[in-house]
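A.B. asks: Next comes the sequence, and after it the predicted model I'd like to discuss.
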Amino acid sequence: LTQPSSLFADITPAILTVEGLSASSKVYDGTTVATLTGVAVAKPLGGGQVTFNGTPTGFFADKNVGTNKYVDVTGFTLSGADAGNYMVTGLHGVYGDITKAHLSVTGLTANNKVYDGTTAATFTGGTFTGLLGSDVVTASTGLFNNKNAGTAKSVTAVLGGADAGNYAAMGLTGYTADVTPLGLTVAGQVAANKVYDANTSAVLSNGSLQGLLAGDTVTLNQAGHFVDKNAGLNKAVVASNSLAGADAANYAVNQPSYVTANISRATLSLSGLTAVDKVYNANTDAVVTGAPVAAALGSDNVSFNGTAAGQFSDKNVGVGKTVLLTGLSLDTTTGDGANYVMPSDIGMTASIGQRDLTISGTTVTTKVYDATTSASVSGGSLVGVQGTDVLTLSQSGSFAD
């Protein structure tokens with residue numbers, strides 16, 4: 001085998017490991033300067049000969065707070081038989097800590113906010129004592145102790161800005177602010193019509209909450225009342241909805257401004273009246289006796305106009321026939337009469353008995369004896385027929401012997 005010739009490659013200097021040097025921990029001062037201690041001892045590979053010359057100086061990789069941070073050592077040269085095989089910069093083995101500097105914050109004011117489902121807080125004002133150089137540190141944000149609405153809630157400020165991590169601040173606690181409930185809108189709510197019941201109660205339904213934050217548990221208890229108890233159309237209903245659920249205390253319900261419904265008049269209950277039996281007279285008129293007694297709701301006051309009368313369901317003879325009330329009307333100008341309607345059927349009954357009729361003008365035709373009692377009767381008319389009733393008289397008769 002004949003080996004190829006004219007092959008070339010580079011061997012670059014290695015990073016030299018050093019022992020005996022260490023970097024002292026320091027409090028953040030806005031610089032990368034590191035203080036080195038000890039005597040540097042080179043540890044070349046394979047026991048080579050390398051010696052340090054000069055006084056080394058150190059610089060952290062950056063100015064920021066951290067532990068076991070790499071320190072770049074400069075300010076020296078290398079000598080010895082193997083010095084050319086190693087880099088003068090980028091030594092291995094030198095590390096140190098930068099701890100936070102102390103900062104004092106005064107003059108902060110925690111801002112009130114409307115509930116938003118988070119603990120986020122904001123601050124205004126603030127003066128920093130101990131801030132180094134051109135470092136950028138703020139205290140414009142913070143955290144409430146919890147997300148819930150409340151007054152004088154504990155708030156802690158949080159340092160922000162590009163250099164906040166390099167400081168430990170005093171004066172970030174001890175603040176208070178308010179979290180006010182978030183208003184929710186009720187949409188789609190309607191009030192149910194009702195029959196007059198002498199009170200202002202109203203039933204509301206179909207309402208839904210608008211503005212509820214995701215994840216919160218809040219339900220709507222729907223309630224309300226009419227502006228007054230009286231019957232009428234499109235009457236205003238005042239909503240008095242309330243909230244329930246785990247997060248209800250963090251919200252305030254904005255009541256709908258305009259809900260209407262009808263209150264229809266109630267049918268008045270009556271007693272004290274009696275229908276009188278009568279003899280058939282071809283009409284439905286009924287005589288009613290007694291005084292009307294109204295069973296009005298609550299403490300309502302009702303009075304009447306007119307005189308009680310009645311009407312049978314039809315003119316015909318019968319027993320226990322229904323009699324509807326007529327003749328009376330409610331006085332709607334005083335008291336609570338306008339909230340009621342008169343009933344027609346108050347449970348009255350009466351009987352119509354048959355009328356006796358008489359026959360007049362009947363004649364009997366004289367006949368020749370024919371050995372029978374048959375007689376020819378004619379000319380009679382009915383007396384006592386009522387109204388326009390049509391009756392036909394069929395006459396017949398017989399001799400006594």
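C.D. replies: Ah, there it is.

A.B. asks: so where's the stretch 101-250 of the chain uncertain?
C.D. replies: The model of the stretch 101-250 of the chain has no residue with pLDDT under 70.

A.B. asks: Let me see the ranges of the helices in it.
C.D. replies: Here the stretch 101-250 of the chain has no helices by DSSP state H, counting those that start in this stretch.

A.B. asks: Scan the protein for its longest strand.
C.D. replies: strand 318-330 (DSSP state E).

A.B. asks: quick check: mean pLDDT across that one?
C.D. replies: With pLDDT averaged residue by residue, strand 318-330 scores 96.

A.B. asks: by contact count, what packs against it?
C.D. replies: Strand 318-330 is packed against strand 269-275, strand 288-295, strand 304-312, strand 348-353, with contacts defined by 3 or more CB pairs under 8 Å, 6 or more residues apart in numbering; DSSP states H and E. C-beta coordinates here come from the backbone N, C-alpha and C atoms, glycine included.

A.B. asks: Would you mark the buried spots in the first one?
C.D. replies: Taking 16 or more other CB atoms under 10 Å as the basis for neighbour counts, the residues of strand 269-275 that come out buried are L270, L273, A275.

A.B. asks: Same question for the last one.
C.D. replies: In terms of neighbour count (16+ other CB under 10 Å), strand 348-353 has its buried residues at M348, T349, A350, I352.

A.B. asks: And the next helix or strand past that strand?
C.D. replies: strand 358-360 (DSSP states H and E).

A.B. asks: Who are the packing partners of the helix or strand immediately after the longest strand of the chain in the chain?
C.D. replies: Going down the chain from strand 318-330, the next helix or strand is strand 340-341, by DSSP H and E. Using 3+ CB pairs under 8 Å, 6+ apart, the elements in contact with strand 340-341 are strand 266-267.

A.B. asks: what lines up beside the host helix or strand of V71 in the sheet?
C.D. replies: Secondary-structure element containing V71, defined by DSSP H and E: strand 66-74. The strands that strand 66-74 pairs with in its sheet are strand 57-60 (antiparallel), strand 95-99 (antiparallel) (by DSSP bridges).

A.B. asks: Quick one: these as TSV, columns for mean neighbour count, mean pLDDT and distance to N85 too.
C.D. replies: TSV is the format used below for the strands paired with strand 66-74 (neighbours: other CB atoms under 10 Å; pLDDT from 0 to 100; distance: least, CB to CB, whole Å):
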stretch	mean neighbour count	mean pLDDT	distance to N85
strand 57-60	19	92	23
strand 95-99	18	95	24
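
A.B. asks: which stretch among those strands comes nearest S378?
C.D. replies: strand 95-99 (144.7 Å; CB to CB).

A.B. asks: chain center to the closest one: distance?
C.D. replies: 56 Å (CA atoms, centre = their mean, to the nearest Å).

A.B. asks: Repeat that for stretch 323-334.
C.D. replies: The answer for stretch 323-334 is 47 Å, by CA atoms, centre = their mean.

A.B. asks: can you pull the contacts of the closest residue to V293 other than its chain neighbours?
C.D. replies: Distances taken as CB to CB, 6 or more residues apart in numbering place G272 nearest to V293, at 3.8 Å, with adjacent residues excluded. Applying CB atoms under 8 Å, 6 or more residues apart in numbering to G272 gives the contacts G290, A291, P292, V293.

A.B. asks: Just the buried residues of these.
C.D. replies: P292.

A.B. asks: will you turn the contacts of G272 into a markdown table that also has distance to K147?
C.D. replies: Putting these into a markdown table (distance: CB to CB, whole Å) gives the following:
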| residue | distance to K147 |
| --- | --- |
| G290 | 72 |
| A291 | 70 |
| P292 | 66 |
| V293 | 64 |
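
A.B. asks: any idea which of the contacts of G272 is closest to D356?
C.D. replies: For those, the minimum distance to D356 (CB to CB) is 29.0 Å, reached by G290.

A.B. asks: So the closest one sits against L273, correct?
C.D. replies: Yes: in this structure, G290 is within contact of L273 by CB atoms under 8 Å, at 4.6 Å.

A.B. asks: Overlap in contacts, these two.
C.D. replies: Joint contacts of G290 and L273 (CB under 8 Å, 6+ apart) are A308.

A.B. asks: List the contacts of stretch 1-18.
C.D. replies: Under CB under 8 Å, 6+ apart, the answer for stretch 1-18 is 40-45, 50, 52, 73, 78, 84-87, 90-94.

A.B. asks: related to what we said a few turns ago, just so I know, which of the strands paired with strand 66-74 lies nearest V27?
C.D. replies: Nearest of those to V27, taken as CB to CB: strand 95-99 at 5.4 Å.
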